[in-house]
Structure formats: structure tokens, C-alpha cells
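[1] no letters, just coordinates:
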């Protein structure tokens, strides 16, 4: 794996490989690379969603990197008779980047939110691109971030610092336009909870 450049590859998903040193360095000469290179058009067309469906997003923030999944399902109107619609996705509605969130523990407080904003922006932009035809409904689509192993290795205060910075970003509709109503949508999950999801 080439760790010296930002790459977009994979037959099934967009993969943004960013060297850790770029995030932790005070050298600003490479900071523009993510926004200008990460969304370079791929030879693989992104399938567009059905116009009648609704969506939600999950950012799986693992130890090696973060991956955004876009889910699709028929709009749910809860009644005593209606069955719940199936939740579906496609591998081409997945975007991922490196390194993992725990890397940001080394970033100073006064830079943390800006660094995280730059790091997560390709995932947010990818969601915008896939759902470009549904801009008028973006505010209805909830976004979640669940961090796992890498973040669990940090102290509680370190985890809280990073999670609080991401929550602050997600409250800003100019940064991400999707539904973020409560802090619970961004958190580090336990190993037991992760195992249940895997099962």
C-alpha cells in the first residue's frame, strides 16, 4: 500500500488513503490535497437512489480508518398493520478513508475541530454527491458516527474531546446538511455492542 499519496481505488467503494503525517504535521502545504483529489471522478458510476426512498448514514470509525455507508429504505409510517420496510445499500454507496479517528488524539485543542473537519469532509461530500437529486430532503436523513476499537484504546477524556469536536461539526448545517438532533448520534461504542452489530 502506498502511504505517500492520496489514492482513489477499489472496484466496490471509494477509498481515500491519507498518510497519518499529513494530519499531524504543522506543514500546511499538503492540506489542500484531500478536498481537491479525494473526489476525483472514478471510472465506476455511482448508482443513483430511487426517487421515492429515504436514507440514513452511518460512519463506521474503526481503528484503521473511517467508512461511510449510505442506506436506503421506503419511507416508514408507523401503524399497527404496516410491516417495516427493508433497509438496503450497495457497495458503491460506501466511502472510506484513513487513518483512524484515534490518530487525532495527538492534535492540539485549538486545531482539533479544523483537522477533523478536513478529515471527514470527503465522506460528507460523497453523501452529498450520491444524494444530489434529493437536496430538499437532506435535513430529514439522519447521520451517525460510531467509533470502535481504536477509540476505545484512548482515555475517557481523550475520547470525549474528539467526540465533542465531531458533534460540534455535525451541528453546523453549513458543514454537513443532514439530520443531527442529539449527541448520541456520535459516540464510541463498547466491544459488546460492536459484537452484537457484527452478529
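    Arrived safely. Given the structure is predicted, the values throughout are model-derived calculations rather than measurements.

[2] quick one: the strands in the chain, in order.
    14-17, 53-61, 66-74, 94-98, 143-147, 186-188 (DSSP state E).

[3] could you give the angle of the top helix by length along the chain to strand 66-74?
    The helix of greatest length in the chain, counted in residues with DSSP state H as the criterion, is given as helix 109-130. Relative orientation of helix 109-130 with respect to strand 66-74: 40 degrees, computed using axes from the mean of the first three to the mean of the last three C-alpha atoms, to 10 degrees.

[4] any idea how far residue 64 is from residue 101?
    Applying C-beta to C-beta, to the nearest Å, one obtains 10 Å for the distance of residue 64 from residue 101. Bear in mind the C-beta positions are built from the backbone N, C-alpha and C, glycine included.

[5] how much space separates residue 75 from residue 178?
    Taken as C-beta to C-beta, the spacing of residue 75 relative to residue 178 amounts to 16 Å.

[6] give me the more crowded residue out of residue 64 and residue 101.
    Just comparing residue 64 and residue 101: by other C-beta atoms under 10 Å the higher neighbour count belongs to residue 101, 26 against 12.

[7] out of the strands of the chain, nearest to residue 46?
    Distances from residue 46 to each of those were compared by C-beta to C-beta, and the smallest falls on strand 14-17, at 8.6 Å.

[8] quick one: average pLDDT of the closest one?
    On average, the pLDDT along strand 14-17 is 42.

[9] by mean pLDDT, point me to the weakest helix or strand of the chain.
    Counting by mean pLDDT, DSSP states H and E, the weakest-scoring helix or strand in the chain turns out to be helix 33-37, with a mean of 30.
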